[in-house]
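# fold the stuff below for me.
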Amino acid sequence: MRIVDKIKILPTPYEGHYHLYIPSSKKYVLVGKQEKSG
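Numbering: from 1, shown residues only. Next up is the predicted model:
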């Protein structure tokens, strides 16, 4: 089984942000739009 098959994308109350749940690592990773600085 590929690791991609194990990753679940969970929505968050914040628009444009998501939680990636990785069962193999048993942790959540918050991802979202990155603001350009400068």
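# tell me where this structure has helices.
Counting by DSSP state H, one finds no helices in the chain.
# show me where it has its strands.
8-11, 17-22, 27-32 (DSSP state E).
# and these, which one's lowest on average pLDDT?
For the strands of the chain, mean pLDDT drops lowest on strand 27-32, to a mean of 74.
# quick check: angle from it to strand 17-22?
Here the directions of strand 27-32 and strand 17-22 differ by 150 degrees (axes from the mean of the first three to the mean of the last three Cα atoms, to 10 degrees).
# list the residues that contact residue 27.
Residue 27 is in contact with residue 21, counting by Cβ atoms under 8 Å, 6 or more residues apart in numbering. No exception for glycine: its C-beta is placed from N, CA and C like everyone else's.
# just to revisit the earlier point, pick the most buried one from the strands of the chain.
Scoring these by mean neighbour count under mean count of other Cβ atoms under 10 Å gives strand 17-22 as the most buried, with a mean of 14.
# sheet partners, orientation included, of that strand?
Here strand 17-22 is paired, per DSSP bridges, with strand 8-11 (antiparallel), strand 27-32 (antiparallel).
# residues making contact with that strand?
For strand 17-22, the surrounding residues in contact (Cβ under 8 Å, 6+ apart) are 3, 6-12, 27-33.
# 7 Å - rerun?
Contact partners of strand 17-22, identified using Cβ atoms under 7 Å, 6 or more residues apart in numbering, comprise 6, 7, 8, 9, 10, 11, 12, 28, 29, 30, 31, 32.
# OK, contacts around the second one?
When the contact criterion is Cβ under 7 Å, 6+ apart, the partners of residue 7 are 20, 21, 22.
# give me that answer again for 6 Å
Counting by Cβ atoms under 6 Å, 6 or more residues apart in numbering, residue 7 touches 20, 22.
# residue closest to the middle of the chain?
residue 20 (2.6 Å; Cα atoms, centre = their mean).
# and that one, what are its bridge partners?
Here residue 20 shows beta-bridge partners residue 9, residue 29, assigned using DSSP bridges.
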